[in-house]
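Asker: got a predicted structure here, sequence first:
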2 protein chains.
Amino acid sequence: MTLPSTYADRNCSLARAMEVIGERWTLLILRDAFFGIRRFGDFATQLGIPRAVLTSRLKLLVREGVLARDDDGAGIVEYRLTDKGIELWPIVRAMMAWGDTFYSPAGAKRALSHDRDGGPLDHEGRCQECGSVVPVPEIRIEPGPGFDPENPNPDPVSAQLNTARRLLEPVTASRTRQADDSKV
Amino acid sequence: MTLPSTYADRNCSLARAMEVIGERWTLLILRDAFFGIRRFGDFATQLGIPRAVLTSRLKLLVREGVLARDDDGAGIVEYRLTDKGIELWPIVRAMMAWGDTFYSPAGAKRALSHDRDGGPLDHEGRCQECGSVVPVPEIRIEPGPGFDPENPNPDPVSAQLNTARRLLEPVTASRTRQADDSKV
DNA sequence: CTATCGTGGTTCAGTCACTGAACTATAAAT
DNA sequence: ATTTATAGTTCAGTGACTGAACCACGATAG
């Protein structure tokens, strides 16, 4: 049902993509998923999104195969990006780059680099050291020159998000999934 | 007015970008702008968007410097992408590519190529012939293998949009700006 | 000069979605 | 048995979108 009166244009792939990821909050949810957030409560507190809307968005993203819902039966649910979801990275990266260019005079708020060789990424996502298009799990993200530690949000999840990390690396929650699974 | 309760995250450029281009319809308006649409009425009919919403979106985009409003004083107004707006192309391209990949089994609905040498563009926007990142005005767009001529929309604007053209090349309207010989 | 048309909007009632706060359900942990 | 952590649901109030009609203005036709 994605949208009541759906975008009519059947011949533009952009319209179809918008029905999946174009609703309010959706891209911010996905950004946080790239940053390693997997838990319902963490999405809710990080984004300040109404929980009912979060439920609705997560359901749509799971139905469309962008996120996978992983329930361990013990009250712990994780939402992880699927391969299809990971292929949304160029969109997220392009939007961050545009926002940095025009709304962050002090420089990029987050700096991206190739975790293997340390080379910075250009705006097309290429490592300037090795020249390759860096796979998402090898991308290192850290606060950049434009990062503003205004209100240092003291919760542990925010603290983790503001350190240098690799994309998709899960934030460790207070109560983790049962008995340490090897799927990281 | 961008958003009533704005996205709170001040430290993600994505949130700032979403405030400018994240509202419903906005990216479709910009897609049409890349395709050469410049007139209020053409946006309205091509997208099927309520005119009040279109007014609101155009005003925001002009205020943010993404579009320029050009009024010739004779009842003809044109909205054109600025340089800042043209830099949104990687976002539009990435979303079309993702939509094609996952929702167009018959192949891309629109094919992109380098107008100078005819080389097709890869998913990062590089010409596979000359290897360069092709500037937007040199990008040729035409119906691709997944294009579906289902309801051949008979209006002249749609007809132009479905032929091979360069991006940003304006669609010629029935009544053009200031003194023109091409009367129908 | 008046009437009509093309164009770029505005207005408005009805509907739908989002917001924010409170509440519920379930499974540990104490 | 009670508390805590987590993942949701519920609901009234508000705001945004929808669709259709209407308006203002300049150009064109009679």
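Answerer: Sure, I can see it. Numbering: from 1, shown residues only, chains lettered A, B, ... in the order given.

Asker: who are the neighbours in contact with the residue most central in space within chain A?
Answerer: Closest residue to the average C-alpha location of chain A: residue A:31 at 2.3 Å, with CA atoms, centre = their mean. Residues near residue A:31 by CB atoms under 8 Å, 6 or more residues apart in numbering or on different chains: A:92, A:96, B:12, B:14. Where C-beta positions appear, they are placed from N, C-alpha and C, glycine not excepted.

Asker: what's the distance between residue A:62 and chain B?
Answerer: Note on residue A:62: its distance to chain B, by CB to the nearest CB, to the nearest Å, is 15 Å.

Asker: please name the residues that touch that residue.
Answerer: Per CB under 8 Å, 6+ apart, neighbours of residue A:62: A:68, A:69, A:79.

Asker: span of stretch A:40-56 from start to end?
Answerer: End-to-end distance of stretch A:40-56: 12 Å, with CA to CA, to the nearest Å as the criterion.

Asker: starting at the chain centroid, how far to that stretch?
Answerer: On the basis of CA atoms, centre = their mean, to the nearest Å, stretch A:40-56 sits 14 Å off its chain's mean C-alpha point.

Asker: show me chain A divided up by domain.
Answerer: A:13-85, A:89-166 (automatic domain parsing).

Asker: can you tell if the longest one touches DNA strand D?
Answerer: No: with CB under 7 Å from any atom of the strand as the threshold, domain A:89-166 lies outside contact range of DNA strand D, at a closest distance of 10.2 Å.

Asker: near chain B at all, that domain?
Answerer: Yes: on the criterion CB under 8 Å from any CB of the partner chain, domain A:89-166 is in touch with chain B at A:90-92, A:94-104, A:108-110, A:123-126, A:133, A:147-148, A:150, A:162.

Asker: quick check: residue A:119 vs chain B, distance?
Answerer: 17 Å.

Asker: out of the domains of chain A, which one sits most buried?
Answerer: Of all the domains of chain A, domain A:13-85 has the most neighbours on average by mean count of other CB atoms under 10 Å in any protein chain shown, namely a mean of 18.

Asker: correct me, but residue A:107 touches residue A:145?
Answerer: Yes: here residue A:107 lies in contact with residue A:145, judged by CB atoms under 8 Å, at a distance of 3.3 Å.
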